[in-house]
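**Q** got a structure for you, letters missing:
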Ligand SMILES: Cc1cc2nc3c(=O)[nH]c(=O)nc-3n(C[C@H](O)[C@H](O)[C@H](O)COP(=O)(O)OP(=O)(O)OC[C@H]3O[C@@H](n4cnc5c(N)ncnc54)[C@H](O)[C@@H]3O)c2cc1C
């Protein structure tokens with residue numbers, strides 16, 4: 001019998017098969033036909049990791065977070081405990097002191113931590129996403145041994161210094177600079193709005209190394225250095241009066257004639273901008289997963305409250321407009337979760353993920369703000385006090401709409417991708433594909 005399939009059908013079938021090979025497991029049914037099984041289940045290891053983080057948050061952070069937030073107290077000892085669990089090197093290979101999990105596990109950790117409080121996830125973002133993952137990809141073997149290993153073990157805290165008082169979205173507007181002096185570089189500059197800025201031990205510092213290129217705003221004149229707090233000429237301080245993330249440390253640091261060996265340059269001279277964009281892509285992934293945790297926390301708090309608060313002789317869970325808010329939180333949680341999961345999958349496979357990370361970050365952060373705001377409404381006046389956690393969720397999640405690319409910047413980037421004006425760029429250095437320890 002002649003085939004009734006058109007070339008288009010065959011093309012579609014091939015595409016489906018290619019897609020299936022990548023995203024789905026296949027199994028043979030009783031009749032011997034190959035069937036496709038969609039598997040969004042976590043592995044046993046990932047599930048155990050998620051439960052460990054959940055238990056850690058419930059025992060070590062949740063009972064104290066209201067007080068830390070109220071007093072704007074940064075509890076350094078929490079990070080010693082997080083380090084003991086291996087979370088500060090969760091997706092760093094074991095050969096570099098890490099726990100050797102995949103990149104999806106990093107997302108799971110971020111989602112769980114931020115469901116408790118944002119300050120925990122912010123530390124993961126800067127320490128792992130923006131700093132350690134960049135050392136893993138761009139670092140020399142010597143840099144990895146000296147800086148990445150103690151960071152992955154959690155012996156040292158690390159962060160990322162790009163923003164300056166007059167240069168945030170406009171990275172090339174930075175004024176920090178370095179000049180060569182024999183085998184060393186002399187670094188000068190001020191970095192502002194740096195998470196863990198007043199407590200971290202290691203910093204990535206971005207600055208101009210070519211003044212001619214700076215004059216014409218050519219970003220190939222920017223380089224990146226690894227700086228240690230203990231280096232003479234380094235000073236830092238804490239920023240006060242923040243709207244949220246009060247339990248976290250946000251600071252500034254200043255370098256005045258800090259001498260660093262040339263061996264502390266990350267990547268090659270002039271690759272600083274590319275390293276910054278690479279780092280931000282990983283950071284955005286962690287922010288997306290964390291913001292998804294805020295949506296989940298807002299949903300869970302709303303469900304618990306709606307099931308107990310009685311009005312007119314019935315729980316408010318019976319009111320349709322309360323249901324609508326909870327339904328929207330549920331839908332937003334599921335969508336945001338899938339977006340970061342897809343991005344984590346691309347990272348595991350060593351595929352370009354800049355577009356996916358930007359989309360996940362933009363959507364999750366925007367939706368987390370909406371979810372936290374709706375959760376306050378579900379709680380009525382109670383939601384407006386810190387007797388309940390939802391007001392903290394709203395104060396905390398606002399910053400993520402601003403950092404690692406503002407909502408405006410991601411909106412424009414997504415439009416440019418859709419319009420074909422922007423493409424995933426090929427790079428000299430990419431994030432190493434995930435390899436399970438036994439598979440290496
Ligand atoms: C809590 C917190 C933690 C942070 N942690 C870090 C950190 O660890 N390391 C670090 O380096 N930085 C950090 N930042 C800084 C953050 O990344 C910047 O604040 C962010 O990039 C925005 O820059 P800006 O504040 O200078 O705003 P601006 O760039 O001045 O933007 C102001 C407004 O103009 C809009 N705008 C600017 N440029 C454009 C454009 N080209 N097109 C359209 N609209 C535009 C923006 O969307 C925004 O609405 C942190 C910030 C906060 C709030």
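**A** Thanks, I have it. Computed from a prediction, not measured in an experiment: that's the story for all the values here.
**Q** only C-alpha atoms for contact and neighbour calcs from this point on.
**A** OK.
**Q** quick one: the one residue in the stretch 201-350 of the chain that gets nearest to the ligand from residue 282, how far?
**A** Proximity of the stretch 201-350 of the chain to the ligand (Cα to the nearest ligand atom) peaks at residue 250, 6.1 Å away. Distance of residue 250 to residue 282, given as Cα to Cα, to the nearest Å: 20 Å.
**Q** Give me the more crowded residue out of the two.
**A** Neighbours were counted for residue 250 and for residue 282 using other Cα atoms under 10 Å; residue 282 has more, 28 against 23.
**Q** Quick one: residues contacting the spatially closest residue to the more buried one that is not a sequence neighbour.
**A** Sequence neighbours aside, residue 129 is the residue nearest to residue 282 in space, at 5.1 Å (criterion: Cα to Cα, 6 or more residues apart in numbering). For residue 129, the contact set (Cα atoms under 8 Å, 6 or more residues apart in numbering) comprises 279, 280, 282, 283, 285, 286.
**Q** contacting residues for the last one?
**A** By Cα under 8 Å, 6+ apart, residue 286 lies in contact with 106, 107, 110, 121, 124, 125, 129.
**Q** Try it again at 7 Å.
**A** Residues counted as contacts of residue 286 (Cα atoms under 7 Å, 6 or more residues apart in numbering) are 107, 110, 125, 129.
**Q** any chance of those in CSV, plus distance to the ligand?
**A** CSV is the format used below for the contacts of residue 286 (distance: Cα to the nearest ligand atom, whole Å):
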residue, distance to the ligand
107, 18
110, 16
125, 8
129, 11
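**Q** As a markdown table, those with pLDDT would be great.
**A** Converted to a markdown table, those look like this (pLDDT from 0 to 100):
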| residue | pLDDT |
| --- | --- |
| 107 | 98 |
| 110 | 98 |
| 125 | 98 |
| 129 | 98 |
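**Q** which of those has the most neighbours?
**A** For the contacts of residue 286, neighbours tallied by other Cα under 10 Å; top is residue 110, 30 neighbours.
**Q** What values do phi and psi take at it?
**A** Residue 110 adopts backbone torsions of phi -60, psi -40, taken as degrees, to the nearest 10.
**Q** before we move on, what about residue 216?
**A** Given degrees, to the nearest 10, the pair of backbone angles that residue 216 has is phi -100, psi 20.
**Q** Run a quick neighbour tally on it.
**A** Close neighbours of residue 216, defined as other Cα under 10 Å, add up to 10.
**Q** Quick check: it vs residue 210, distance?
**A** 11 Å.
**Q** How about residue 376?
**A** Residue 376 sits 50 Å away from residue 210, going by Cα to Cα.
**Q** the more surrounded of these two?
**A** Higher neighbour count among residue 376 and residue 210: residue 376, with 24 against 19, using other Cα under 10 Å.
**Q** helices or strands up against the helix or strand that contains that one?
**A** Residue 376 is part of helix 354-378, with elements assigned from DSSP states H and E. Applying 3 or more Cα pairs under 7 Å, 6 or more residues apart in numbering; DSSP states H and E, we find helix 354-378 packed against helix 272-306, helix 320-348, helix 390-402, helix 407-418.
**Q** Is it in proximity to the ligand?
**A** No: residues of helix 354-378 contacting the ligand under Cα under 6 Å from any ligand atom: none, with a closest distance of 11.9 Å.
**Q** Show me how far that helix is from its chain's centre.
**A** Between the centre of helix 354-378 and the centre of its chain there are 13 Å (Cα atoms, centre = their mean, to the nearest Å).
**Q** now what about it, what contacts it?
**A** Taking Cα under 7 Å, 6+ apart as the rule, helix 354-378 contacts 281, 284-285, 287-288, 291-292, 294-295, 298, 302, 322, 325, 329, 332, 336, 339-340, 343, 383-384, 390-391, 393-394, 397-398, 400-401, 407, 410, 414, 424.
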